[in-house]
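>>> my questions are about this predicted structure, shown below with the sequence.
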Amino acid sequence: MLRSMGWIFVSLTVGLCWGQDTRVVTEPKIPASCTELAAHLKSVDSNIVLADESKLDTERIQAAVDSCKPGMAVELKAAGGNDAFLTGPLEMRTGVTLLIDKGVTLYGSRDPKVYEWQGSGVAPGLCGTIAPVIPAVFPAPQKPAPLRGGCRPLISIMNAKNVGIMGDGVIDGRGYAQLIGKDYSWWQMARKAEPKNQRYFTPRMIVASHADGLVLYRITLHNSTNYHVSVNGTDGFTAWGVHLETPTTRGMDARNTDGIDPGSSTNITITHSWIDNGDDNIAIKTGVTHMSVIDNHFYNGHGMSIGSETFTGDSYILVDRLTEDHTTSGIRIKSNVTRGGLVHDLVYQNICMRGVKNPIAISPYYTNQTTEGFEDPHYTGNRIPDYKAITLRNIEDTTSGDVLIAGIDDAHRTEITLDGVKVNGIRPDQVHGRFATVTVGSGGTNLDFSKTEIKVVPSDGSNGADTLSGCTDKFVPMQ
């Protein structure tokens, strides 16, 4: 066992029955530095002062990353009372780690012009705007073709292997900040686009594509303008000890600020992390297989989600030892007939929840809302959600909430096992569903399906769940 930062870490190794990532995953190590960059700016009230808004560090950070030897780190350090860096888009290189020291913050610029895509055929001036086109109609079989242009991510990892983002410092995307040349912030723009489902252009914080071996370690992520971490086309991604909080000022509205979103990837581990944000805490997109989510804490957000896109399938996913404290949903699988597919071999176990509106939502009825409706919206499409071989074991919600377990039709019945599943105070009229078969394990459940069309199969007495030792002491403050 390994100790670090006051936690006890257990190596996650191949072959153990509770792991789905096929790699041997152990606590990452911070590499030696190839160069140390001293901060030239000083943060005031956790922000960049107006006089410093044009003093970008982008070029010197990028030059250091480009020249760093693989296997080493570019280290951002405090110096002479200065503790801040200000940057536009950065591109990581194979084998290089960006290391942010404790007490140092890397801020994203609030100038949309620095994030603009460049090149032939790119429409200029889109970043920081709502698309001047007919709004997208929801649902649609596919998203409309994007305009050529928009915003580059704050940090890109594209076709680069074994990249690290590490350290006890902070990356702050400043989604709350008024954009230079505009009368709104990134988050205000996102909310303004919502009523008509308009497309809008904003940077994501960290975007990785074909980034095998990517590691996020001990880093703190604040106030992303949009998704914090988006990973695609990657074999081997580890997030260990990540502290993600957005918005950092309570009461602010941070729409579409998902925490960690893997898609079209395999061999993923997210562990010992703390996620408090304005959308899905974790959202597993389509095409994910062999993923382990172990020993994590969720706070504000939309829960532990799969979807809404599942059309290329998701499989072999384990969620173990999770607390969800006032998320809107707990265990959430969301899709519909315009974007669904086969989702199978999922295990959720040893999960404690409180203050969760929908502790369980297995839904083929997704309508782009924060929580799932209980009735079929009767969309048309041929990408059919199909949920099979799902096990919920040792699950407790200490407060009441609604449960939905549904399939789209009799040919695509949801098949799920409940083994030691309890939602305290739940009434029969709070249990919803149809076109589903629920097998009740020997650990039992207090969910009453009598007011639903769900088929219930009793336990055969095998594979009984161990009883949760209790959830009261599992809820701890955000760290």
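Looks like it came in fine.
>>> can you get me a residue count around the closest residue to Ile100 other than its chain neighbours?
Nearest residue to Ile100, sequence neighbours excluded (CB to CB, 6 or more residues apart in numbering): Gly169, at 3.2 Å. The C-beta positions use only the backbone N, C-alpha and C, and glycine is treated the same way. Around Gly169 there are 24 other residues, counting by other CB atoms under 10 Å.
>>> can you tell me how far Gly169 sits from Ser230?
From Gly169 across to Ser230, the span is 21 Å (CB to CB, to the nearest Å).
>>> repeat for Thr439
35 Å.
>>> do the same with Asn300
20 Å.
>>> can you tell me the closest non-neighbouring residue to Ile268?
Once flanking residues are discounted, Ile268 sits nearest to Met291: 4.2 Å by CB to CB, 6+ apart.
>>> what average pLDDT does whichever helix or strand the one you found is part of get?
Element membership of Met291 [criterion: DSSP states H and E] is strand 288-298. Averaged across strand 288-298, the pLDDT comes to 98.
>>> what do you get for stretch 336-348?
pLDDT averaged over stretch 336-348 gives 98.
>>> quick one: end-to-end distance for it.
22 Å (CA to CA, to the nearest Å).
>>> buried residues, that stretch. List them.
336-343, 345-348 (16 or more other CB atoms under 10 Å).
>>> helices of the stretch 251-400 of the chain, start to end?
Secondary structure of the stretch 251-400 of the chain (DSSP state H, counting those that start in this stretch): no helices located.
>>> low-confidence ranges in it?
Counting by pLDDT under 70, the stretch 251-400 of the chain shows no low-confidence range.
>>> ok, Met158 - how many residues close by?
14.
>>> still on that earlier bit, so how far is the strand holding Met291 from its chain's centroid?
Centroid displacement of strand 288-298 relative to its chain, using CA atoms, centre = their mean, to the nearest Å, is 10 Å.
>>> give me the helices and strands touching it, please.
With contacts defined as 3 or more CB pairs under 8 Å, 6 or more residues apart in numbering; DSSP states H and E, the packing partners of strand 288-298 are strand 260-263, strand 266-271, strand 274-276, strand 282-284, strand 314-325.
>>> could I get those strands as CSV with mean neighbour count?
Shown next, in CSV, are those (neighbours: other CB atoms under 10 Å):
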stretch, mean neighbour count
strand 260-263, 23
strand 266-271, 24
strand 274-276, 24
strand 282-284, 27
strand 314-325, 22
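>>> show me the buried residues of stretch 336-348 that map onto strands.
342-343, 345-348 (DSSP state E).
>>> and of the residues you listed, the nearest to Arg174?
The shortest approach to Arg174 among these belongs to Tyr348, at 34.8 Å (CB to CB).
>>> just checking, the closest one touches Ile395?
Yes - with contact defined as CB atoms under 8 Å, Tyr348 counts as touching Ile395 (6.6 Å).
>>> what's the overlap in contacts for those two?
Common contacts of Tyr348 and Ile395 (CB atoms under 8 Å, 6 or more residues apart in numbering): Ile331.
>>> follow-up on the earlier one: turn the helices and strands packed on strand 288-298 into TSV, columns for distance to Trp186.
Formatted as TSV, those follow (distance: least, CB to CB, whole Å):
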stretch	distance to Trp186
strand 260-263	18
strand 266-271	25
strand 274-276	18
strand 282-284	19
strand 314-325	26
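>>> let me know which of the ones you listed is the nearest to Ile30.
strand 266-271 (16.9 Å).
>>> and the contacts of that closest one?
9, 12, 21-23, 25, 231, 234-242, 260, 262, 282, 288-296.
>>> with stretch 366-383 instead?
For stretch 366-383, contacts defined as CB under 8 Å, 6+ apart pick out 138-139, 141, 197, 302, 307-308, 311, 328-329, 332, 334-341, 357-358, 361, 363-365, 402, 404, 406, 408, 432.
>>> and if we set it to 6 Å?
138-139, 141, 308, 311, 328-329, 334-340, 357-358, 361, 363, 365, 404, 432 (CB atoms under 6 Å, 6 or more residues apart in numbering).
>>> just those: which are in strands?
Using DSSP E, the contacts of stretch 366-383 in strands are 329, 334, 358, 361, 363, 404, 432.
>>> what sits opposite the most centrally placed residue in the chain in the beta ladder?
Residue closest to the average C-alpha location in the chain (CA atoms, centre = their mean): Ile260, at 2.5 Å. Taking DSSP bridges as the rule, Ile260 bridges to Val229, Ile282.
>>> before we move on, what about His432?
Beta-bridge partners, per DSSP bridges, of His432: Leu404.
>>> does Ala177 touch Ser109 like I think?
No - with contacts defined as CB atoms under 6 Å, Ala177 does not count as touching Ser109, sitting 9.3 Å away.
>>> point out where the stretch 101-250 of the chain drops to low pLDDT.
Ranges of the stretch 101-250 of the chain meeting pLDDT under 70: 133-148.
>>> which residue ranges form the strands in it?
Along the stretch 101-250 of the chain, the stretches classed as strands by DSSP state E, counting those that start in this stretch are 105-108, 155-158, 164-166, 170-172, 206-209, 214-217, 220-222, 229-232, 235-240, 243-245.
>>> helices or strands up against the last one?
Spelled out, it's strand 243-245. Where contact means 3 or more CB pairs under 6 Å, 6 or more residues apart in numbering; DSSP states H and E, strand 243-245 is packed against strand 220-222, strand 274-276.
>>> list of residues touching the first one?
Strand 220-222 has contacts (CB under 6 Å, 6+ apart) with 170-172, 228, 243-245, 248.
>>> over to stretch 235-248?
25, 28, 212-224, 228, 231, 254, 257, 259-260, 266-278.
>>> pull the distance from that stretch to the chain's centre.
Mean C-alpha position of stretch 235-248 versus that of the full chain (CA atoms, centre = their mean) differs by 8 Å.
>>> rewinding a little: got JSON lines for the strands of the stretch 101-250 of the chain, with distance to Val423 too?
Formatted as JSON lines, these follow (distance: least, CB to CB, whole Å):
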{"stretch": "strand 105-108", "distance to Val423": "40"}
{"stretch": "strand 155-158", "distance to Val423": "40"}
{"stretch": "strand 164-166", "distance to Val423": "37"}
{"stretch": "strand 170-172", "distance to Val423": "37"}
{"stretch": "strand 206-209", "distance to Val423": "35"}
{"stretch": "strand 214-217", "distance to Val423": "33"}
{"stretch": "strand 220-222", "distance to Val423": "31"}
{"stretch": "strand 229-232", "distance to Val423": "30"}
{"stretch": "strand 235-240", "distance to Val423": "29"}
{"stretch": "strand 243-245", "distance to Val423": "27"}
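>>> with respect to Ala79, which of these lies nearest?
strand 105-108 (13.7 Å).
>>> what residues sit buried inside the closest one?
For strand 105-108, using 16+ other CB under 10 Å, the buried residues are 105-108.
>>> now the longest helix seen in the chain - C-alpha only, PDB.
Criterion DSSP state H: the longest helix present in the chain is helix 58-67. Taking Å, rounded to 0.1, in the frame of the first residue of the first chain, the C-alpha atoms of helix 58-67 are listed here in PDB:
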ATOM      1  CA  THR A  58       1.600  31.100 -23.700                       C
ATOM      2  CA  GLU A  59       4.800  31.400 -25.800                       C
ATOM      3  CA  ARG A  60       7.300  30.700 -23.000                       C
ATOM      4  CA  ILE A  61       5.300  27.700 -21.700                       C
ATOM      5  CA  GLN A  62       4.800  26.300 -25.200                       C
ATOM      6  CA  ALA A  63       8.500  26.700 -26.000                       C
ATOM      7  CA  ALA A  64       9.500  24.900 -22.800                       C
ATOM      8  CA  VAL A  65       7.100  22.000 -23.600                       C
ATOM      9  CA  ASP A  66       8.400  21.800 -27.200                       C
ATOM     10  CA  SER A  67      12.000  21.500 -26.100                       C
END
